[in-house]
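Chemist: sequence first, then the predicted structure, then my questions.
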Amino acid sequence: RAAAAIKAAGYDFAGRYLVPLVGSLKEKALTRGEAEVITEAGLKLLTVWETTSDRAKGGAAAGRADGRRALECARAIGMPEQGLIYFAVDYDAPAGDMPAIEAYFRAARAETENYEVGVYGPYRVIEYLARRRVCRSYWQCVGWSGGQLSAYRNVYQAQWGKVVAGIPVDIDDCPDMARAGLWDYALEEV
């Protein structure tokens, strides 16, 4: 019901966590059943991997591990390969963390097989990774961006803490859902 109400309220997609159904992560993990309900309501899905806010500063070793785990989760829900897996950098990353963050993303991408990767993060991270062509798509968060908008952004988290259809949500803008890697199960039939 919530997915249909969100669609009826004029929204086109829902962002959900692509994480394992274990431990503290299971509370926010997207399941196949939930993904089917969301897409059957006419919404696309935007999927993001995030276990901890600053995991990406763990560099290549963390990226390899997370890339493998994200791939397992994508396969478990039957995510079409046209979908994109975003990995989160959900903190105010200083310049000194950028090389490790880049190594994280390059290593994660090497593990996700046919799935492309994107980054969810603040302006400084988006700019750094985009200039190096590390990701296919860039989802900029409003936090830690200092009011700056990256020209590289494909998705923009403009507001957070809103309530739609009784559910707390963030409001994101995405003018080109295909470029941003949003997906539904209809992609399997193409």
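Modeler: Thanks, I have the structure now.

Chemist: CA only for contacts and neighbour counts going forward, please
Modeler: Will do.

Chemist: flag every buried residue along the longest helix belonging to the chain.
Modeler: When every helix of the chain is counted residue by residue (DSSP state H), the longest turns out to be helix 59-76. Of the residues in helix 59-76, those scored as buried under the neighbour-count criterion (16 or more other Cα atoms under 10 Å) are 59-60, 62-64, 66-74.

Chemist: got a markdown table for the residues you listed, with pLDDT and distance to residue 82 too?
Modeler: Converted to a markdown table, those look like this (pLDDT from 0 to 100; distance: Cα to Cα, whole Å):
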| residue | pLDDT | distance to residue 82 |
| --- | --- | --- |
| 59 | 98 | 26 |
| 60 | 98 | 24 |
| 62 | 98 | 24 |
| 63 | 98 | 21 |
| 64 | 98 | 21 |
| 66 | 98 | 19 |
| 67 | 98 | 16 |
| 68 | 98 | 18 |
| 69 | 97 | 18 |
| 70 | 98 | 15 |
| 71 | 98 | 13 |
| 72 | 97 | 16 |
| 73 | 97 | 15 |
| 74 | 98 | 11 |
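
Chemist: between the residues you listed, which is closest to residue 37?
Modeler: Distances from residue 37 to the buried residues of helix 59-76, taken as Cα to Cα, are shortest for residue 74 (16.4 Å).

Chemist: which strand or helix spans residue 120?
Modeler: Residue 120 belongs to strand 116-121 when elements are defined using DSSP states H and E.

Chemist: tell me the helix or strand right after that strand.
Modeler: Note on strand 116-121: by DSSP H and E, the next helix or strand toward the C-terminus is helix 123-131.

Chemist: now that next one: how far from the chain's centre is it?
Modeler: When C-alpha coordinates are averaged (Cα atoms, centre = their mean, to the nearest Å), helix 123-131 and its chain have centres 16 Å apart.

Chemist: can you tell me the strand partners of the next helix or strand after it and which way each runs?
Modeler: Following helix 123-131 in sequence order, the next helix or strand is strand 137-141 (DSSP H and E). In the sheet containing strand 137-141, its partner strands are strand 116-121 (parallel), strand 155-164 (parallel), by DSSP bridges.
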